[in-house]
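>>> Structure, please.
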Amino acid sequence: MPRALVVARPAAAARRLSSAAWALAGMGAAAAWAALRAWTPSGDPAHALCELRRVAHIGCATCGLTRALAALARGDLAGSLVLHPLAVVLVAELAVVWAAWGAGLARRRGGSDQNWIPRLVAINAAAFLVVWVVRLLTGTLPV
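Sure, this is the predicted structure:
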């Protein structure tokens, strides 16, 4: 068997696997969005997902994010921004990253440079921290 054919098969299999992972990620995001749209969150701190909010009655840097995403999924942009101003940014980032992943797969560059991922995570962590500090100091953390 020619060597080129032996090498081509694993590359094609890797592309199919990457494409399947991309499709599953999209379907998972759509399912999560549908679940958030159907979910009616409780405003009671006793039922909070956040342990810090439940125990210390102080919201963490991501407090309100799940409820903000649920509001956004229902089309309530104003409510989402009140609950967590970074929810819209996070959804936009995830959509852009997913689209770029798909574009890379379409150009057959599924294994392209991913050095930007740690920087994006660091920028998001810093943004969440800044928003949390501002909301803590201004008393605008969601209850």
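>>> Burial check on residue 89, number of neighbours?
By the criterion of other Cβ atoms under 10 Å, residue 89 has 14 neighbours. In short, each C-beta sits where N, CA and C put it, glycine included.
>>> residues in contact with it?
Residues near residue 89 by Cβ atoms under 8 Å, 6 or more residues apart in numbering: residue 127.
>>> Return the distance of it relative to residue 72.
Distance, residue 89 to residue 72, using Cβ to Cβ, to the nearest Å: 11 Å.
>>> Same check on residue 26?
18 Å.
>>> Who has more neighbours out of the two?
The residue with more neighbours, out of residue 26 and residue 72, is residue 72; 22 against 15, by other Cβ under 10 Å.
>>> My guess is the more buried one contacts residue 87. True?
Yes. Residue 72 is within contact range of residue 87, at 5.6 Å (criterion: Cβ atoms under 8 Å).
>>> quick one: least confident helix or strand in this structure?
Lowest on mean pLDDT, DSSP states H and E among the helices and strands of the chain sits helix 51-56, with a mean of 79.
>>> Return every residue with contacts to both of residue 72 and residue 87.
residue 80.
>>> for the record, mean pLDDT for the strand or helix carrying residue 16?
Using DSSP states H and E, residue 16 sits in helix 3-38. Averaging pLDDT along helix 3-38 yields 84.
>>> buried residues in that helix?
Within helix 3-38, the residues scored as buried using 16 or more other Cβ atoms under 10 Å are 18, 22, 36.
>>> same check, this time on stretch 56-74
By neighbour count with 16+ other Cβ under 10 Å, stretch 56-74 contains the buried residues 59-73.
>>> CA atoms only: put it into CSV for me.
C-alpha atoms of stretch 56-74 as CSV (Å, rounded to 0.1, in the frame of the first residue of the first chain):
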residue,chain,number,x,y,z
ALA,A,56,-22.6,34.2,52.9
HIS,A,57,-25.4,36.0,51.1
ILE,A,58,-22.8,37.7,48.8
GLY,A,59,-22.8,37.0,45.1
CYS,A,60,-19.7,35.7,43.4
ALA,A,61,-18.2,37.0,40.2
THR,A,62,-20.5,34.8,38.1
CYS,A,63,-23.6,35.3,40.3
GLY,A,64,-26.6,36.0,38.2
LEU,A,65,-25.0,34.6,35.0
THR,A,66,-27.3,31.5,34.7
ARG,A,67,-30.4,33.6,35.3
ALA,A,68,-29.1,36.3,32.9
LEU,A,69,-28.6,33.6,30.2
ALA,A,70,-32.1,32.3,30.9
ALA,A,71,-33.5,35.8,30.5
LEU,A,72,-31.5,36.3,27.3
ALA,A,73,-32.8,32.9,26.0
ARG,A,74,-36.3,34.2,26.5
